[in-house]
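Colleague: What would the 3D arrangement of this be:
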Amino acid sequence: MAFVEVQKGEKGNPFRRGRRTTICAGERLLVRSGKYEVELANLRLDLRQETVILKGTRSDYWKRADWTDYRESETTIRYRAEMRQINAWLDDAPITWHDRVYTESVVDPGDRLLRRYFNNGSFAEGGRLFGGFWQGLTKAERAAGIRINGDPVVTLDYGQMAPRILYALLGRSRPKVTNTPFRPRVLPRGNEEAVLRDAVRRR
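Modeller: Numbers count the residues shown, from 1 in each chain. All right, here's what the predicted structure looks like:
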């Protein structure tokens, strides 16, 4: 008669797939939820939790980097304020899920909390946002099931987005002599994307 039931997971390796630890409602919690008519829509994540994550360096290819503590600075305070603003907007946004769309796992449209992850113990590396129920869905599932203000969504995919943004910041148009935004005379032929990506990071 527990409130919560836990099935402990285990780490995987190159020869065996790992298993996540799972937590589900126990009988006592289910009875209480039914008694007080508590539904999934009544539950929300705490938006005040930490959303700026700094990860250390991986010890090897197969291991994930652990979260690491960091010293607070003006930059981290600004990042956290930005994430709270983003998450507050997402929490109030009219995003719904079409229940008739089949997915392998249960979709919780209330799961919208995003975190910003940095890598290798440095706030100069990474910085992408992760989280939200939509990130675990395929493109087809997102297009079929997500609704904003009751309307279906579309996916916009831009090629070579980083150099396009750089051209826009300079107020210039990308070269029209090629199908890509890379100038063959400036960047080494064959590995233009890798060279440009490294240059942007160093800058």
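
Colleague: Where does pLDDT dip in the chain?
Modeller: Across the chain, the ranges flagged by pLDDT under 70 are 1, 176-194, 197, 199-203.

Colleague: Any idea which residue is closest to the centre of it?
Modeller: F130 (1.5 Å; Cα atoms, centre = their mean).

Colleague: May I ask which helix or strand encompasses that residue?
Modeller: strand 126-131 (DSSP states H and E).

Colleague: Mind listing what's buried along whichever helix or strand comes after that strand?
Modeller: Beyond strand 126-131 on the C-terminal side, the first helix or strand identified by DSSP H and E is helix 139-145. Buried residues in helix 139-145, counted by 16 or more other Cβ atoms under 10 Å: 141-142, 144-145. Backbone N, C-alpha and C define where each C-beta goes, glycine included.

Colleague: got it, and stretch 154-169?
Modeller: Applying 16+ other Cβ under 10 Å to stretch 154-169 flags 160, 163, 166 as buried.

Colleague: repeat for stretch 107-122
Modeller: In stretch 107-122, counting by 16+ other Cβ under 10 Å, buried: 107, 109-113, 115-119.

Colleague: Turn the buried residues of helix 139-145 into TSV, including distance to D198.
Modeller: Output for these, formatted as TSV (distance: Cβ to Cβ, whole Å):
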residue	distance to D198
E141	35
R142	32
A144	38
G145	38
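
Colleague: between those, which is closest to E72?
Modeller: Lowest distance from E72 to these (Cβ to Cβ) belongs to R142, with 35.7 Å.

Colleague: Break the protein down into its domains, please.
Modeller: 1-38, 45-152, 161-202 (automatic domain parsing).

Colleague: next one: the first one to chain centre, how far?
Modeller: So the one you mean is domain 1-38. The chain centroid and the centroid of domain 1-38 are separated by 23 Å under Cα atoms, centre = their mean, to the nearest Å.

Colleague: now swap in the second one and tell me
Modeller: In terms of Cα atoms, centre = their mean, the centre of domain 45-152 is found 4 Å from the chain centre.

Colleague: So what angle separates the directions of the helix ranked longest in the chain and strand 126-131?
Modeller: Determined from DSSP state H, the single longest helix within the chain is helix 74-92. Using axes from the mean of the first three to the mean of the last three Cα atoms, to 10 degrees, the interaxial angle of helix 74-92 with respect to strand 126-131 works out to 20 degrees.
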